[in-house]
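>>> got a structure for you, letters missing:
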């Protein structure tokens, strides 16, 4: 009977402890994610790489909010309210900051179009008639000299 | 390519800021008050001498100078002079805690994104700028101010000041 009770208690402990551990791991993952996506404004580096006193305060602030149940977006919003948009490592996709996303895409598309046009032009040029004609044979003078050489060496 | 170069130039130009020079007008851009809500600005103190002090709660030298500034405010603050604290690149809750811990009685603004500090061209905290009643910078102190500095450099510029 005692053994059964002990097993039941142990099982209950495992069942209770497992979700708590999982929640802890999820919270830690979320904190790490946020620290990778926001800046330490004073250091000018990602928060996850910063160890300055200001960064420590910022990390503690994030931890407090996360512990109180705030979502990742709510935490980032709170950071923006405190430090401004510059705290975000990835700019928001509106206003001037939209150019951070649009310019590379436009540049890539322009480069791809230029490459495609270049390849097309090159292929057209390689198919053109003047290129496809066989090379002209040796001139009369060259043929004569060749014959003389062959005769001289008895080939 | 031109767009990329343009963006780089814009980024560098907008980041680079030089320190405000003596005789230049100090920024009067409004900032949120650290306590009590609303906004405040240097313009609210036009007609007074103002010692604008940039600080942050995470800054150790700021802790050293806070008592000296509070004592100076107690002695000289009034109709013709005030210290104006600007808590920069700091969490407002940490800033309020700092104000309470050091019993700072002078007005405080919050410059969370550091734009005001950039406008003055600060290179760190603490830094202090003495602004005359017309809004012109008359004195710049890089680093913490001490009782001696305030007595020897600031007091002589203040009218009716008793050292």
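Received, thanks. Computed from a predicted model, the values in this text were never measured in an experiment.
>>> buried stuff in the lengthiest helix in chain B?
The single longest helix within chain B, with elements called by DSSP state H, is helix B:60-76. For helix B:60-76, the neighbour count (16 or more other C-beta atoms under 10 Å in any protein chain shown) marks B:62-63, B:65-66, B:68-70, B:72-73, B:76 as buried. Backbone N, C-alpha and C define where each C-beta goes, glycine included.
>>> from the chain's centroid, how far away is the helix or strand just after that helix?
Next helix or strand after helix B:60-76 toward the C-terminus (DSSP states H and E): strand B:81-88. Put simply, strand B:81-88 sits 5 Å off its chain's centre (C-alpha atoms, centre = their mean, to the nearest Å).
>>> output the contacting helices and strands for strand B:81-88.
strand B:49-55, helix B:60-76, helix B:92-102, strand B:108-111, helix B:115-120 (3 or more C-beta pairs under 8 Å, 6 or more residues apart in numbering or on different chains; DSSP states H and E).
>>> just checking, residue B:133 touches residue B:43?
No. Counting by C-beta atoms under 8 Å, residue B:43 is not a contact partner of residue B:133; they are 11.9 Å apart.
>>> now the helices and strands packed on strand B:81-88 as a markdown table including distance to chain A and mean pLDDT?
Formatted as a markdown table, the helices and strands packed on strand B:81-88 follow (distance: least, C-beta to the nearest C-beta, whole Å; pLDDT from 0 to 100):
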| stretch | distance to chain A | mean pLDDT |
| --- | --- | --- |
| strand B:49-55 | 12 | 98 |
| helix B:60-76 | 8 | 97 |
| helix B:92-102 | 6 | 98 |
| strand B:108-111 | 9 | 98 |
| helix B:115-120 | 7 | 96 |
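>>> closest to residue B:155 out of these?
Of all the helices and strands packed on strand B:81-88, helix B:60-76 sits nearest to residue B:155, with 7.4 Å by C-beta to C-beta.
>>> can you give me the angle the closest one makes with strand B:81-88?
Our comparison of helix B:60-76 with strand B:81-88, counting by axes from the mean of the first three to the mean of the last three C-alpha atoms, to 10 degrees, yields an angle of 160 degrees.
>>> what packs against helix B:60-76?
Under the contact definition 3+ C-beta pairs under 8 Å, 6+ apart, helix B:60-76 sits against strand B:49-55, strand B:81-88, helix B:92-102, helix B:147-149.
>>> residues near whichever residue of chain B sits closest to chain A, how many?
Per C-beta to the nearest C-beta, the residue of chain B with the smallest distance to chain A is residue B:113, at 2.8 Å. Using other C-beta atoms under 10 Å in any protein chain shown, the number of residues around residue B:113 comes to 19.
>>> pretty sure it contacts residue A:86?
Yes. Counting by C-beta under 8 Å, residue B:113 does reach residue A:86; the two are 5.9 Å apart.
>>> which neighbours do the two share?
With contacts taken as C-beta atoms under 8 Å, 6 or more residues apart in numbering or on different chains, residue B:113 and residue A:86 have residue A:41 as neighbours in common.
>>> before we move on, back to that, pull the most distant pair out of the buried residues of helix B:60-76.
Taking C-beta to C-beta, no two of the buried residues of helix B:60-76 sit farther apart than B:63 and B:76, at 21.6 Å.
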